[in-house]
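Enquirer: Coordinates only, no sequence provided:
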């Protein structure tokens, strides 16, 4: 290999690592006091009194819970363990997408796909704390890779089934992309029936072991499915509308892909790439790999859209569709002249960084302010809304804070509340919401006065100001 070739081979890994680090820094949220709190409870249960059958929809997601427990055992009970768990599966996910693209379009296409997916907002948003989305998607991609491989036989089919079974244990919605294998089994292409049959055995083995585990501990082998099916009895249109631009149920899933900060320009550019012949000229093996994953993504997209009253139209449910679009776009970019390829890659990554930089990194600022107030006044009881106290349970435990209570505050005591709904009394401290990353950059450059007021509020104060009030005695 020439020296120029060696430099080229070293450039891609360095570029990927640098872009991923920048994307994670820009899009960092960290501990969210949401689902990650529940995964912590499940992992902690395994450390304190193993084995644990789980008590709810989240603590029965054993692939993540057990990995999280392992990280907690090594790192200790701290916010670092949340971050390490998220970043671990982020790295695995990016590596799998890059490897999948390499099998379709070659080495450079693999690096391009890894770069695109590592900086995609919906991926980075799930990379900074313990979450299930990247674990589930990684298992599905690994299974698809095994099925679509050039030497896919019964052994690889069985291994693919094990991966798919793990994905189902992550989240039962994995059955939606896997549903496409029913018609593919009848057709017998692009994966032979005997290979799909072996995959089915692998799936049943994983699910059977989990059912036996539940039966041994609880006497109910189907316990996890009863929990999963009833954890949200109904989801209305208001929940679907959070963060989405919706017009009409039949087209709303498509709008989630096309008009959403989490995906940026990905699906628009992938559509252009397809129209310009991105998949033309692919060899038989490359085409089979792409068809397998694209079929799974299409099945998941259609069925999630059909179940919009049962499942929220959350962008993270369309992770597999994002991967399929990334593969198509990477193959197309790989074929472009270097100048166009570099320019488009830079524009895509830059636009994704801007979208992440404009996001609110403190979605539960009131709970954060409650903890900050308690630290600042260790000798007094600080009261907060019951929901905020619950959200702050883990920061309270990690910080060994013993002076936080749910409202109402005692007469003359301290209470944390939104500035526009504060109780009568004297304001002791104010906690304005931190600006977004992009807002901080604009301020540092002295450009804040040029930002329109409607946009300025989102960039510089993306939330409600919280105040600490000493109530009237």
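Expert: Perfect, thanks for sending it. Everything numeric in this text was worked out from a predicted model, so none of it was measured.
Enquirer: Helix or strand with the lowest mean pLDDT in the protein?
Expert: helix 237-240 (a mean of 51; mean pLDDT, DSSP states H and E).
Enquirer: Helix or strand next in line after it, which one?
Expert: helix 252-258 (DSSP states H and E).
Enquirer: need the contact list for residue 356.
Expert: 23, 26, 27, 121, 124, 125, 437 (C-beta atoms under 8 Å, 6 or more residues apart in numbering). For the C-beta atoms, the positions are set from N, CA and C on the backbone; glycine is no exception.
Enquirer: any idea of the mean pLDDT in the helix or strand containing it?
Expert: Residue 356 belongs to helix 338-357 when assigned by DSSP H and E. Here helix 338-357 scores 96 as its mean pLDDT.
Enquirer: how about that helix: buried residues?
Expert: Within helix 338-357, the residues that qualify as buried are 341, 344, 345, 348, 349, 352, 353, 354, 355, 356, 357, counting by 16 or more other C-beta atoms under 10 Å.
Enquirer: May I have the phi/psi pair for residue 460?
Expert: Residue 460 adopts backbone torsions of phi -100, psi -20, taken as degrees, to the nearest 10.
Enquirer: What is the neighbour count of it?
Expert: 19 (other C-beta atoms under 10 Å).
Enquirer: list the contacts for it?
Expert: 435, 436, 439, 443, 448, 451.
Enquirer: what about the stretch 101-250 of the chain, any weak spots by pLDDT?
Expert: Scanning the stretch 101-250 of the chain with the threshold set as pLDDT under 70 gives 150, 231-243.
Enquirer: And the next helix or strand past the helix holding residue 356?
Expert: Next along from helix 338-357, by DSSP H and E: helix 365-376.
Enquirer: Mind splitting the protein into its structural domains?
Expert: For the chain, automatic domain parsing gives the domain ranges 3-357, 365-471.
Enquirer: Now residue 225. Nearest residue, chain neighbours left out?
Expert: residue 172 (6.9 Å; C-beta to C-beta, 6 or more residues apart in numbering).
Enquirer: quick one: the one you found and residue 226 touch, right?
Expert: No - using C-beta atoms under 8 Å, residue 172 makes no contact with residue 226, being 11.1 Å away.
Enquirer: who's more crowded, these two?
Expert: Neighbour count, other C-beta under 10 Å: between residue 172 and residue 226, residue 172 has more, with 16 against 10.
Enquirer: Report the contact partners of the residue nearest the centre of the chain.
Expert: For the chain, the residue sitting closest to the mean C-alpha position, by C-alpha atoms, centre = their mean, is residue 126 at 3.0 Å. Residues near residue 126 by C-beta under 8 Å, 6+ apart: 86, 90, 133, 134, 316.
Enquirer: same thing but 10 Å
Expert: The contact partners of residue 126, by C-beta atoms under 10 Å, 6 or more residues apart in numbering, come to 27, 29, 86, 89-90, 93, 132-135, 137, 262, 315-316, 319.
Enquirer: buried set for the helix or strand hosting residue 103?
Expert: In the assignment (DSSP H and E), residue 103 maps to helix 79-105. Going by neighbour count (16+ other C-beta under 10 Å), the buried part of helix 79-105 is 81-90, 92-98, 100-105.
Enquirer: so after that helix, what's the next helix or strand?
Expert: helix 107-118.
Enquirer: any idea how far that following helix is from the chain center?
Expert: The chain centre lies 19 Å from the centre of helix 107-118; the measure is C-alpha atoms, centre = their mean, to the nearest Å.
Enquirer: any idea where the helices of the stretch 301-450 of the chain begin and end?
Expert: Taking DSSP state H, counting those that start in this stretch as the test, the helices found in the stretch 301-450 of the chain are 319-335, 338-357, 365-376, 386-391, 393-399, 437-444.
Enquirer: winner for burial among the ones you listed?
Expert: Most buried of the helices of the stretch 301-450 of the chain, by mean neighbour count (mean count of other C-beta atoms under 10 Å): helix 319-335, with a mean of 25.
Enquirer: returning to what we had before: now the contacts of residue 356 as TSV including distance to residue 376 and secondary structure?
Expert: Shown next, in TSV, are the contacts of residue 356 (distance: C-beta to C-beta, whole Å; DSSP: H, G, I helix; E, B strand; the rest coil):
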residue	distance to residue 376	secondary structure
23	33	helix
26	29	helix
27	29	coil
121	34	helix
124	32	helix
125	30	coil
437	25	helix
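Enquirer: Out of the residues you listed, which two are the most distant from each other?
Expert: Longest distance between any two of the contacts of residue 356 is 13.3 Å, between 125 and 437; criterion C-beta to C-beta.
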